[in-house]
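**Student:** Sequence and predicted structure are below.
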Amino acid sequence: MTDLAPPPAPPRPELTWTAGPGAPSRARAIRLTADARVPASTSWSHAATDLTGRSPAVRVRLTGADELVDLTVRLTAGDGAFVWRVLPDALGGPDRPPLLCDGQEAVLTLSFADVTLDGRPDRTAVTGVTVGLTAKGPSTAEISGMGSMPEPSRFPRGLLTLTFDDSFASQATVALPELAERSLRGSVVPILGRLDTGPEHLSRRDVDEMIAQGWEVTAHALTDETHQLGSARMTEQQREHEFTELRRQHAEMGWTADTFAYPGGWWSAEAGAHALRHFTGVRSAYAALTETWPPTEPDRIRTVLVMPSTHPDGAALAAEIDRAMAHRAWTVLTFHGLVAAGGAALTPLDTPADAFRALLDRIVELDVPVLTLREALGFPVSD
Ligand SMILES: [Zn+2]
């Protein structure tokens, strides 16, 4: 008999609603409407707030989201401002998985790891908020809460998760030994239909070996077809079948898969809510903002997609991890294949083994905790 108990609940963020509209309230929401001709922005001020050790949080609902070009949040503080650009990637597009869905209210946290400084802002004295909206058609942002949450005291150096997608054999031949050599563990995110289908793909025994070394299995797709289709384009019935079968088939192989990653990163508000009935948390492919811990929206855990075009060597990635660590953020890296020395890449997403090794060495040097998705979602916020 396979164990299909409901997944454990993820930890809940300790949000404090303070500035501007304050506590979440639709009645007191600030509405901001832009169209193709006129960008919109709104500002409000409040008593000086100390954001040392805290990440700002915005409760926002977008309508006409497809028309939106840019959403910025600017906190004025002392002699300058902290600025976050939530878009252009947050809403997705033909090749961009979304962070925010049309009509859905979401709590968006903003890590100081991603901030741009304007002048010399003082984090201990934030006194104002400006939200700006640029659109190519009618579009509205409704800000129904502005606040913050603590950078986690549980993870004073931040935390890191290493995920490996789509059943590439090099995850066993390259990633597994390189991680083991450094006492690190990853999360393997397989397309089940690819297992045992040839030398370029993982075998079930490879996955067993990863689990034996402490790796996690994260559910992803039953077949290449459902991987291609993606969670957002499935009907409710198709999704229910996919999620139920994923949990059942993983359990049948003796693997616990209570986390999930959207194929291609594609999701919708409905797919997200549905996935959380089967899994504790879901990794997205949204990569423009660093994730905070615990995630405010566990159905869309943000990631860093590692590929040669954006991360030609370990250095750029190490700098990102350094910034995330300084602000106790959660860096979830997504890898595909690894290319051994002298080998050829199978896909443009494959990471050269030497860059991979350099990155792992840097992770060891930084001494940042490396946890699986399940582990990272298994800790309460405080004891
Ligand atoms: Zn995939």
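**Tutor:** Right, received. Where do you want to start?
**Student:** What are the buried residues along stretch 195-202?
**Tutor:** 195, 201-202 (16 or more other CB atoms under 10 Å). Quick note: C-beta positions are derived from backbone N, CA and C, even for glycine.
**Student:** same deal with stretch 199-217?
**Tutor:** By neighbour count, and taking 16+ other CB under 10 Å as the criterion, the buried residues in stretch 199-217 are 201-203, 206-207, 210-211, 215-217.
**Student:** That stretch near the ion at all?
**Tutor:** No - Stretch 199-217 stays clear of the ion (CB under 5 Å from the ion), getting no nearer than 12.7 Å.
**Student:** got the end-to-end distance for that stretch?
**Tutor:** 20 Å (CA to CA, to the nearest Å).
**Student:** ditto for stretch 200-209
**Tutor:** Using CA to CA, the end-to-end distance of stretch 200-209 comes out at 17 Å.
**Student:** Against the ion, how distant is the nearest residue to Leu195 once chain neighbours are set aside?
**Tutor:** Excluding the flanking residues, the one nearest Leu195 by CB to CB, 6 or more residues apart in numbering is Arg204, at 5.3 Å. Look at Arg204 and the ion: by CB to the ion, to the nearest Å, they are 18 Å apart.
**Student:** pretty sure Arg204 is touching Thr197, no?
**Tutor:** No - at 10.9 Å, Arg204 and Thr197 do not qualify as touching, with contact defined as CB atoms under 8 Å.
**Student:** what sits against Ala257?
**Tutor:** By CB atoms under 8 Å, 6 or more residues apart in numbering, Ala257 lies in contact with 217-219, 246-247, 250-251, 279.
**Student:** Export those as CSV, with columns for distance to Gly128.
**Tutor:** Converted to CSV, the contacts of Ala257 look like this (distance: CB to CB, whole Å):
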residue, distance to Gly128
Val217, 47
Thr218, 41
Ala219, 44
Leu246, 47
Arg247, 47
His250, 49
Ala251, 52
Phe279, 39
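**Student:** what's the closest of these to Leu377?
**Tutor:** Nearest to Leu377 out of the contacts of Ala257 is Phe279 (CB to CB; 9.6 Å).
**Student:** Please, which helix or strand holds that closest one?
**Tutor:** Phe279 is part of no helix or strand, with elements assigned from DSSP states H and E.
**Student:** List the buried residues for the lengthiest helix in the chain?
**Tutor:** Secondary structure of the chain per DSSP state H: the longest helix is helix 236-252. Under the neighbour-count criterion of 16+ other CB under 10 Å, helix 236-252 has 239, 242-243, 245-247, 250-251 buried.
**Student:** List the contacts of the residue nearest the centre of the chain.
**Tutor:** In the chain, the residue lying closest to the centroid (CA atoms, centre = their mean) is Arg302, at 1.1 Å. Listed by CB under 8 Å, 6+ apart, the contact set of Arg302 reads 99, 284, 286-287, 289-291, 295, 332.
**Student:** What of Val207?
**Tutor:** By CB under 8 Å, 6+ apart, the residues touching Val207 are 188, 190, 195, 217, 253, 255.
**Student:** give me that answer again for 6 Å
**Tutor:** With contact set as CB atoms under 6 Å, 6 or more residues apart in numbering, Val207 has no partners.
**Student:** So it versus Ala172, what's the distance?
**Tutor:** Distance of Val207 to Ala172, computed by CB to CB, to the nearest Å: 8 Å.
**Student:** And whatever residue of the stretch 251-383 of the chain ends up closest to the ion, its phi and psi?
**Tutor:** Closest contact between the stretch 251-383 of the chain and the ion, by CB to the ion, is at Pro263 (4.9 Å). Dihedral angles of Pro263 (phi, psi; degrees, to the nearest 10) stand at phi -60, psi 130.
**Student:** secondary structure class for the residue lying closest to it once chain neighbours are set aside?
**Tutor:** Spatial nearest neighbour of Pro263, excluding adjacent residues (CB to CB, 6+ apart): His227 at 4.4 Å. Three-state call for His227 (DSSP: H, G, I helix; E, B strand; the rest coil): helix.
**Student:** wait, doesn't His227 sit right on Tyr262?
**Tutor:** No - counting by CB atoms under 6 Å, His227 does not reach Tyr262; the two are 10.1 Å apart.
**Student:** Spell out which residues of the stretch 51-200 of the chain are next to the ion.
**Tutor:** Checking the stretch 51-200 of the chain against the ion by CB under 5 Å from the ion, the hits are 165-166.
**Student:** same question, the stretch 201-350 of the chain
**Tutor:** Checking the stretch 201-350 of the chain against the ion by CB under 5 Å from the ion, the hits are Pro263.
**Student:** in the stretch 201-350 of the chain, which spans are helices?
**Tutor:** 204-212, 224-229, 236-252, 269-275, 314-326 (DSSP state H, counting those that start in this stretch).
**Student:** could you say which helix or strand contains Arg120?
**Tutor:** Using DSSP H and E, the element containing Arg120 is strand 116-135.
**Student:** That strand pairs with which strands?
**Tutor:** Here strand 116-135 has these sheet partners by DSSP bridges: strand 40-49 (antiparallel), strand 68-85 (antiparallel).
**Student:** between the following helix or strand past it and strand 68-85, how many degrees?
**Tutor:** As assigned by DSSP H and E, the chain's next helix or strand after strand 116-135 is strand 139-150. Angle between the axes of strand 139-150 and strand 68-85 is 20 degrees (criterion: axes from the mean of the first three to the mean of the last three CA atoms, to 10 degrees).
**Student:** Export strand 139-150 to PDB, keeping only CA atoms.
**Tutor:** Below are the C-alpha coordinates for strand 139-150, written out as PDB (Å, rounded to 0.1, in the frame of the first residue of the first chain):
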ATOM      1  CA  SER A 139      -4.200  48.000 -16.100                       C
ATOM      2  CA  THR A 140      -4.900  48.400 -12.400                       C
ATOM      3  CA  ALA A 141      -2.900  47.600  -9.300                       C
ATOM      4  CA  GLU A 142      -4.700  47.500  -6.000                       C
ATOM      5  CA  ILE A 143      -2.400  47.700  -3.000                       C
ATOM      6  CA  SER A 144      -4.300  46.400  -0.100                       C
ATOM      7  CA  GLY A 145      -1.500  46.100   2.400                       C
ATOM      8  CA  MET A 146       2.100  47.200   2.900                       C
ATOM      9  CA  GLY A 147       4.300  45.800   5.600                       C
ATOM     10  CA  SER A 148       7.300  43.600   6.200                       C
ATOM     11  CA  MET A 149       8.500  40.300   7.500                       C
ATOM     12  CA  PRO A 150      11.700  39.300   9.400                       C
END
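**Student:** Much appreciated, bye for now.
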